[in-house]
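Asker: here is a sequence together with a model predicted from it:
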Amino acid sequence: MAIVKAEKTPARAAPISESSLIGWMRMHLFSSTFNSILTVISLYIIYITVFGVWKWGVTDAVWVAGNRRECFNISINGACWAGVITWLDNIFYGRYPREDLWRVNLGGLLLFIWMAPLWLPRVKAKVFIGLTTVFLYPFLAGYLFAGGEKGIFMQVMITAAIVCLLGNTTHSIIGLFTGRSLPEFLIRLLGKNAASEKSQRNILLGILVLSFAVVYIWQMGWSVEVVPWTKWGGLFLTLVISGVGIASALPGGIILALGRRSKLPVVRVLSTAFIELFRSVPLITVLFMATTMFPLFMPEGFVLNKLVQVIIAVCLFNACYMAETVRAGLQAIPKGQFEGAHTIGLGYVGTMSLVVMPQALKHMIPNIVGSFIGLLKDTTLVSIIGLFDILGMLRSISRDTPWLGLHKEPLIFGAALFFLICFGMSKYSRHLEVKLSTGNKH
Amino acid sequence: MASMDTQETPAQLASAASSEVIIELDKVNKWYGDFHVLKDIDLVVHKGERIVVCGPSGSGKSTLIRCINHLEEHQAGSIVVDGITLDKNLKHIDHIRTEVGMVFQSFNLFPHLSILENLTLGPIWVRKMPKAEAQETAMKYLERVKIPEQADKYPGQLSGGQQQRVAIARSLCMNPKIMLFDEPTSALDPEMIKEVLDVMVELADTGMTMVVVTHEMGFAKIVADRVIFMDEGDIVEQNEPFEFFGNPQHERTKLFLSQIL
Ligand SMILES: Nc1ncnc2c1ncn2[C@@H]1O[C@H](COP(=O)(O)OP(=O)(O)OP(=O)(O)O)[C@@H](O)[C@H]1O
Ligand SMILES: [Mg+2]
């Protein structure tokens, strides 16, 4: 016999714990006498800490003063932010010549302009934009920061970078408004859409060569003063070191990880040995080795400056860590994906770059960003071997005569700065993960 | 099998086999460690011929057809596909793979690409076809497998039967001369098996050379020019389907058929 329900069940209101703040509080904070006592005690502890910090850091704090003594005279119990504020330029730029700060800022701005299209919708060829960021931007920025004579190689690279930047930017603007790519747009502009593919390619090539020539001639008459690396410092130096580290860690890590999985025994053994060597030594040791032992291996008279040595050490170290992250990501890709790629005729390179890596990298985003955050924080170790990165700068405030002994405030400021950057990165990685996983459930 | 009984035209397809040899296996042997998976396999497939391979689990069916496009390496004997000998030469392997399509039990679609991108990946990167043309071809094959409306979805959003049809279309986009199928319907729910088999029957009708590992005996009866029975790494018996099912010769074939029919 069939059992039939005659009437529809009407919807009822959700239990109070689900719907209102009071309900939630009663459920989670005051569910029993003991829990209520715990809640009250915790609230009190939070209150006195936050209140104390607030009083010290904001209400009683001194923002403008000429030296530490003045700070004390104004308020003995408050923070002396005046010291940090006076030193702000040093914290950000180190001893970089003040009249040349625009070069650092311009470098940062260019990086932003270069990368911005990656976040814009409707812009095509994002992989190309990403790759040029890694491989061309450093030359342009490097010259901006360091200045001096340009060798022929630097001139070519700088020109390539500028052409690329201009191209990328116009491409992105066109893409944003029309959804087309730059080549398509140019062809339409010249009214050549009917022309054969080959002549279209020739036209584009011509435009490229022409703009290269123009930019090359223009940049010949343009140069900036030398700023020796010893004047670099502060957050700027930290970001340079960790930026190069981050940009090279991923490609280096991918190469090492693939080397470790290689079928060729020599490649495999070398990669494995390299990775294990660097992973089993602390970064600070690697840094000391780089600055003291590296010169011993170099030919007589060949002197690398300390900054370059440090950057090489940081890159190698992080590439090795990244290699293990990438390897874990690769292992998560099922064998069927390789076979599927092989059966449509893709070779090793095609399989890896079109099928396997994109999937592996997506799985690895949290770990990759985790390594980046670690890298950024580890970079502060260079202050131990005598580079004035941000930590070095923060600590030298306390040795500056007017601010003698001012330790707490600069370090708290530095901590807050690092927190902002690292927390931002980790939030962004969460966002990326969610964005990339939509519409693509397995 | 049951699902094929609903086929309206159970009559056998006309054979498209020509006298031209397209796959030739000569005394092929393969071992996994000490385990002898393929033992002196001799097999000749003619152009347009449709072959169904069956046999108990672990008999080496998958290994056999995976050797044909070198997903597995054989250790002794020779395999010649479309006039090219499979050896250590990577160029030969790559070339053969572009001529031989393969469909797996587990689909192996690329989850990070849309259906259309799955189909155009090979033509664009391997065949160097312009993108627009590749998309056009892809849509043509999606229509042939009857799911053009899914082009912009991702594999994870499709049913198993739809995914398998996409996988078939993906192989066809490379315009292969030979199609290999490794139990294409084994991972599917019964109601989806028919939609995939229908596509395969249509494909057979176009004269494609096909080597199909399957236990769908109804499909074998309609499509196959020849049924091959494997057991423990040997080709134990081969015959045209009517004889094979109606009058099996070997004891092991009889035992196998009694279990599966
Ligand atoms: N990579 C491998 N390493 C070791 N042994 C393997 C490997 N692949 C398959 N084998 C073994 O080889 C034998 C044949 O495998 P194969 O996959 O060809 O069988 P099959 O006939 O396709 O079986 P099924 O119907 O279960 O798919 C099996 O006994 C299997 O255990
Ligand atoms: Mg099998």
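Answerer: Structure received. Ligands and ions are numbered 1, 2, ... in the order given.

Asker: so B:Thr63 makes contact with B:Val37?
Answerer: Yes: using C-beta atoms under 8 Å, B:Thr63 makes contact with B:Val37 at a distance of 4.9 Å. Every residue, glycine included, has its C-beta placed from N, CA and C.

Asker: anything in contact with each of these two?
Answerer: Common contacts of B:Thr63 and B:Val37 (C-beta atoms under 8 Å, 6 or more residues apart in numbering or on different chains): B:Lys30.

Asker: tell me the residues of the stretch 1-150 of chain A that contact chain B?
Answerer: On the criterion C-beta under 8 Å from any C-beta of the partner chain, chain B has no neighbours in the stretch 1-150 of chain A.

Asker: what about the helices in the stretch 1-150 of chain A?
Answerer: Along the stretch 1-150 of chain A, counting by DSSP state H, counting those that start in this stretch, helices occupy A:16-19, A:21-28, A:33-54, A:68-74, A:81-86, A:88-93, A:101-115, A:126-135, A:137-146.

Asker: could you give the angle of the second one to helix A:33-54?
Answerer: Per axes from the mean of the first three to the mean of the last three C-alpha atoms, to 10 degrees, the angle that helix A:21-28 makes with helix A:33-54 is 110 degrees.

Asker: domain-wise, how is chain A divided?
Answerer: Domain ranges of chain A: A:32-86, A:99-226, per automatic domain parsing.

Asker: now those domains as TSV including mean pLDDT and mean neighbour count?
Answerer: Output for the domains of chain A, formatted as TSV (pLDDT from 0 to 100; neighbours: other C-beta atoms under 10 Å in any protein chain shown):
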stretch	mean pLDDT	mean neighbour count
domain A:32-86	89	14
domain A:99-226	87	15
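
Asker: same list (those domains) but as TSV, adding distance to A:Leu417.
Answerer: Output for those, formatted as TSV (distance: least, C-beta to C-beta, whole Å):
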stretch	distance to A:Leu417
domain A:32-86	10
domain A:99-226	15
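
Asker: which among those is found nearest to A:Ile365?
Answerer: Of all the domains of chain A, the one in closest proximity to A:Ile365, counting by C-beta to C-beta, is domain A:99-226 (14.3 Å).

Asker: can you count the residues close to B:Pro184?
Answerer: Per other C-beta atoms under 10 Å in any protein chain shown, the neighbour tally for B:Pro184 reads 27.

Asker: wait, it touches B:Ser106, no?
Answerer: No: the pair B:Pro184 / B:Ser106 is not scored as a contact, 10.0 Å apart, by C-beta under 8 Å.

Asker: quick one: the spatially closest residue to A:Gly148 that is not a sequence neighbour from chain B, how far?
Answerer: Nearest residue to A:Gly148, sequence neighbours excluded (C-beta to C-beta, 6 or more residues apart in numbering or on different chains): A:Val226, at 3.9 Å. Distance, A:Val226 to chain B, by C-beta to the nearest C-beta, to the nearest Å: 46 Å.

Asker: right, and A:Val226 touches A:Lys150 too?
Answerer: No: using C-beta under 8 Å, A:Val226 is not in contact with A:Lys150; the gap is 11.3 Å.

Asker: quick one: stretch B:162-174 near chain A?
Answerer: Yes: using C-beta under 8 Å from any C-beta, stretch B:162-174 reaches chain A at B:167, B:170-171, B:173-174.

Asker: now for residue 188: which residues touch it?
Answerer: Unless you meant another one, I'm taking chain A. A:Arg180.

Asker: sorry, I should have been clearer: chain B.
Answerer: B:Leu188 sits in contact with B:160-161, B:164, B:196, where contact means C-beta under 8 Å, 6+ apart.

Asker: try 10 Å this time
Answerer: B:3, B:105, B:107, B:159-161, B:163-164, B:194-197 (C-beta atoms under 10 Å, 6 or more residues apart in numbering or on different chains).

Asker: do the same with B:Asp40
Answerer: So B:Asp40 contacts B:25-29, B:76-77, B:233-235 (C-beta under 10 Å, 6+ apart).

Asker: and of the domains of chain A, who's closest to ligand 1?
Answerer: With C-beta to the nearest ligand atom as the measure, domain A:99-226 is the member of the domains of chain A nearest ligand 1 (34.5 Å).

Asker: end to end, how far does the closest one reach?
Answerer: Distance between the two ends of domain A:99-226: 13 Å, counting by C-alpha to C-alpha, to the nearest Å.

Asker: now it, how far from the chain's geometric center?
Answerer: Offset of domain A:99-226 from its chain centre (C-alpha atoms, centre = their mean, to the nearest Å): 21 Å.

Asker: ok, now stretch B:145-165?
Answerer: 19 Å.

Asker: so for that stretch, what gets flagged as buried?
Answerer: Of the residues in stretch B:145-165, B:145, B:147-148, B:150-151, B:153-155, B:158, B:160-165 count as buried by neighbour count, 16 or more other C-beta atoms under 10 Å in any protein chain shown.
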